[in-house]
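S.K.: Okay, here's the prediction I keep looking at, along with the sequence it came from:
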Amino acid sequence: MNVRRSAWTTCLGIVFTAVMLFPVYWMLNVSLTRPADMRQDPPNLVPLHPTFAGYQAVLRDQMPYLGNSLLIGLGTVLLTLVVAAPAGYSLSKLRPPGGRSLTFVLLMAQMIPGIIMAMGFYSIFLNLGVINTWWGLVVADSTLAVPFGVLIFTAFMSGIPDELMGAAKMDGAGSWRTFWHIVIPISRNPIVTVSLFAFLWAWSDFIFASTLNSGGARQPITLGIYRYIGNNNQEWNSIMATAVVASIPAALLLVVAQRYVAAGVTAGAVKD
Amino acid sequence: MAMTINGTQAASRAGTRVSAREGRRWHGRALGLAYLAPVLIYLVAFYAYPLYRNVELSLRDYTVRSFVSGDAPFIGLDNFREVFSDPTFVPAVVHTAVFTVASITFQYVIGFALAIFFNRNFRLSATLRALFLVPWLLPLIVSASTWSWMLNSESGVVNSALGAFGVPQVNWLTSPTWSLVAVIIANIWIGIPFNLVILYSGLQNIPGDVLEVAALDGAGGWKTFRHITFPLLKPVSAIVLLLGFVYTLKVFDIIWIMTRGGPASSSTTLSTWSYQLGFGSLLPHFGAAAAVGNILIVVALFFGLLYIRYERDREAR
């Protein structure tokens, strides 16, 4: 009886998940549909005549954009870690003056709408003549991840036992050596979490890219897709194929680092 | 920075025992600040300064030329006056409110129902729950373009499914009646995972025996929910709703990519209007765009403060 009920619940769960993920399936389906079948009514629920023409178009048109996004994503990860990890160490272990106010500022910083930051950066970048540079976009994208990163590092590092740090001090290790040789190596989890989210947010960013880098030589994939939608309005199988390829990092993240993802969603929202 | 630290060390070595302790404390604080320096510089340069520039933009009369030369005349609150008297202002505020409230209401209700469902811990529940995160992880441009095609008037799968039930063609993205509904639907889909995950972790924190006792007392599903689950999850619900509010106010990508705020401003919110003014046309109105942005930030930070105060109070208890 109980077993049967559980099996029934599982079936229901699968149905819910299928409904939820239908748009993702549809993206895959359309990416494999021939342009000739695209306007069919009713649409084919499965690609009866699958074509990879859309993906060939991706290889032809979108590779530079994908490479740029990779570069911008990795740059953002690096900048975020360099800024956030020492700050987390300080806030959790060194009790700096004004630490509580800083935590408050970081929480508020996460709530600033992107369009406002984009406008501010636009006017600054224009004056400095660094508009349309890939590294300018790295700086802007990192603002999406730095407050989150500091909060994650602080939360994790406060859990490192003080005895461990004390022992290092007894051995004559200075604060830098303690940080670099003890704190950083055991902070693998927050480093992975922060890196994953910093990369994903930079990879997904559209508003900074479209305001700060829309005329640059190294534009990210989000602009590649946006241009695609604008230019060849009809080639939906190429657009959806690009969308599928652009989703790969998110998919990898879910497969490789599921527990970190769940940790990232809940972090900063629920503290206990 | 290293120099000040060495200086402190020297000072504490030279002093008496009392001042040595003082020195150590000072040393500790200086050290704390040294590790904090990168993030402090970062926050000033890449948060405070852009925000300051934004305020400045909204108080000056910027054109493309004066934007570069930087000699735009100061005009006080004229930009704000212009924005308030713009015929788009009231609709944009109303759309922002409808978009936000409708999105978080549905996200919360659906997310809560799913959280209760997944709390039963059946086979495969962990895997399925993980798959529910997908919409939240996808780049917004991917979700937005997929929904655009699904909601396409002639060839979209949504209209085709509705057509099977005899519903005539709905112009989701091209009619002023439906465009706001269309972007709300897409946004609900994206926000469900966040609500599900946080409410689920809240449910996991309710001790199992509380629910067992309720079941023994003969309380049915709805009764248990109304009198036990829901009240116990009130703090978590408040967090989800307040954060959801702040996050939803910010939404720009989805709306801009699906409808560009149109047709005829029918899905324009404060975010998309600000972008439209600053970047969406050949004749940018940077001052007005910044003014709209500053109105938006005041609302967002108000609810942000509510959230932080709520969290603090809860921690204090």
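M.R.: Yes, it's here.

S.K.: low-confidence ranges in chain B?
M.R.: Judged by pLDDT under 70, chain B has its weakly predicted residues at B:1-24, B:68, B:70, B:219.

S.K.: what's the domain layout of it?
M.R.: Split into domains by automatic domain parsing, chain B comes to B:2-59, B:88-316.

S.K.: what comes up buried for whichever strand or helix holds residue B:158?
M.R.: Here residue B:158 sits within helix B:157-164, counting by DSSP states H and E. Within helix B:157-164, the residues scored as buried using 16 or more other Cβ atoms under 10 Å in any protein chain shown are B:157, B:158, B:159, B:160. In short, each C-beta sits where N, CA and C put it, glycine included.

S.K.: where does the nearest residue to the last one once chain neighbours are set aside fall, helix, sheet strand or coil?
M.R.: Which is residue B:160. Of all residues not flanking residue B:160 in the chain, residue A:42 sits nearest, at 4.5 Å (Cβ to Cβ, 6 or more residues apart in numbering or on different chains). The local conformation at residue A:42, judged by DSSP: H, G, I helix; E, B strand; the rest coil, is coil.

S.K.: List the residues that contact residue A:42.
M.R.: Each residue near residue A:42 by Cβ atoms under 8 Å, 6 or more residues apart in numbering or on different chains is listed here: B:160, B:163, B:164.

S.K.: Find me whatever residue is spatially closest to the last one, sequence neighbours aside.
M.R.: Okay, so that is residue B:164. Nearest residue to residue B:164 in three dimensions, chain neighbours excluded: residue A:42, at 7.3 Å (Cβ to Cβ, 6+ apart).

S.K.: Over to that neighbour: give its phi and psi.
M.R.: For residue A:42, the backbone dihedrals (degrees, to the nearest 10) come out as phi -70, psi 150.

S.K.: Retrieve the pLDDT associated with it.
M.R.: The per-residue pLDDT reported for residue A:42 equals 80.

S.K.: cool, residue A:271 as well?
M.R.: On the pLDDT scale, residue A:271 is placed at 39.

S.K.: Would you map the strands across chain B?
M.R.: Remark: strands of chain B are absent; assignment by DSSP state E.

S.K.: Which residue lies nearest the spatial centre of it?
M.R.: Nearest residue to the geometric centre of chain B (Cα atoms, centre = their mean): residue B:247, 1.1 Å.

S.K.: Return the distance of that one relative to chain A.
M.R.: 8 Å (Cβ to the nearest Cβ, to the nearest Å).

S.K.: Identify the residue spatially nearest to the closest residue to chain B within the stretch 101-250 of chain A, adjacent ones excluded.
M.R.: For the stretch 101-250 of chain A, the residue closest to chain B is residue A:120, as judged by Cβ to the nearest Cβ, at 2.7 Å. With sequence-adjacent residues excluded and distances taken as Cβ to Cβ, 6+ apart, residue A:120 is closest to residue B:50, at 2.7 Å.

S.K.: Please apply the same query to residue A:34.
M.R.: residue A:51 (4.8 Å).

S.K.: Then residue A:124?
M.R.: residue B:53 (5.7 Å).

S.K.: again, but for residue B:75
M.R.: Using Cβ to Cβ, 6+ apart and skipping residues adjacent in sequence, the residue nearest residue B:75 is residue B:61, 4.7 Å away.

S.K.: show me the contacts for the one you found.
M.R.: Contacts for residue B:61 (Cβ under 8 Å, 6+ apart) come out as B:72, B:73, B:75, B:78, B:79, B:287.

S.K.: follow-up on the earlier one: how about the residue nearest to residue A:124, what does it touch?
M.R.: Shown in contact with residue B:53 (Cβ under 8 Å, 6+ apart): A:119, A:120, A:123, A:124.

S.K.: any idea which of these is the one closest to residue B:151?
M.R.: In terms of Cβ to Cβ, no member of these lies closer to residue B:151 than residue A:119, at 29.7 Å.

S.K.: doesn't residue B:274 make contact with the closest one?
M.R.: Yes: with contacts counted by Cβ atoms under 8 Å, residue A:119 reaches residue B:274, the gap being 7.4 Å.

S.K.: joint contacts of these two?
M.R.: Shared contacts of residue A:119 and residue B:274 (Cβ under 8 Å, 6+ apart): B:289, B:290, B:293.

S.K.: Narrow those residues to those in helices?
M.R.: If you go by DSSP state H, these have B:289, B:290, B:293 in helices.

S.K.: From chain A, how far out is the last one?
M.R.: Distance, residue B:293 to chain A, by Cβ to the nearest Cβ: 4 Å.

S.K.: Longest helix of chain A, counting residues only.
M.R.: The longest helix of chain A (DSSP H) is helix A:63-89.

S.K.: Show me what the mean pLDDT comes to for it.
M.R.: For helix A:63-89, mean pLDDT is 95.

S.K.: what does the helix or strand following that helix rub up against?
M.R.: Where DSSP H and E defines the elements, the next helix or strand beyond helix A:63-89 is helix A:99-109. With Cβ under 8 Å, 6+ apart as the contact definition, helix A:99-109 has outside contacts at A:90-91, A:96, A:143, A:147, A:150-151, A:154, A:268, B:32, B:36, B:39-40, B:43, B:47, B:301, B:304-305, B:308.

S.K.: Please point out which parts of helix A:99-109 sit buried.
M.R.: Residues of helix A:99-109 classed as buried by neighbour count (16+ other Cβ under 10 Å): A:99, A:102, A:103, A:105, A:106, A:107, A:108, A:109.

S.K.: Repeat that for stretch B:119-130.
M.R.: For stretch B:119-130, by 16+ other Cβ under 10 Å, it's B:119, B:122, B:125, B:128, B:129, B:130.

S.K.: Restricted to helices, list those.
M.R.: Under the assignment DSSP H, these contribute B:125, B:128, B:129, B:130 to helices.

S.K.: Distance to chain A for those - can I get that in JSON lines?
M.R.: What follows is those, written out as JSON lines (distance: Cβ to the nearest Cβ, whole Å):
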{"residue": "B:125", "distance to chain A": "6"}
{"residue": "B:128", "distance to chain A": "5"}
{"residue": "B:129", "distance to chain A": "8"}
{"residue": "B:130", "distance to chain A": "5"}
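
S.K.: how distant is stretch B:227-244 from the center of its chain?
M.R.: The chain centre lies 18 Å from the centre of stretch B:227-244; the measure is Cα atoms, centre = their mean, to the nearest Å.

S.K.: Please see if it touches chain A.
M.R.: Yes: using Cβ under 8 Å from any Cβ of the partner chain, stretch B:227-244 reaches chain A at B:236, B:239, B:240, B:243.

S.K.: now, which of these lie within helices?
M.R.: Among the residues of stretch B:227-244 next to chain A, the subset assigned to helices under DSSP H consists of B:236, B:239, B:240, B:243.

S.K.: how about these in TSV, adding distance to residue B:103 and neighbour count?
M.R.: Putting these into TSV (distance: Cβ to Cβ, whole Å; neighbours: other Cβ atoms under 10 Å in any protein chain shown) gives the following:
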residue	distance to residue B:103	neighbour count
B:236	19	23
B:239	17	21
B:240	12	26
B:243	13	22
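
S.K.: And those residues, which is closest to residue B:169?
M.R.: Using Cβ to Cβ, these come closest to residue B:169 at residue B:240, 36.3 Å.

S.K.: Would you mark the buried spots in stretch A:167-180?
M.R.: The neighbour-count check on stretch A:167-180 (16+ other Cβ under 10 Å) flags A:168, A:173, A:175, A:178, A:179 as buried.
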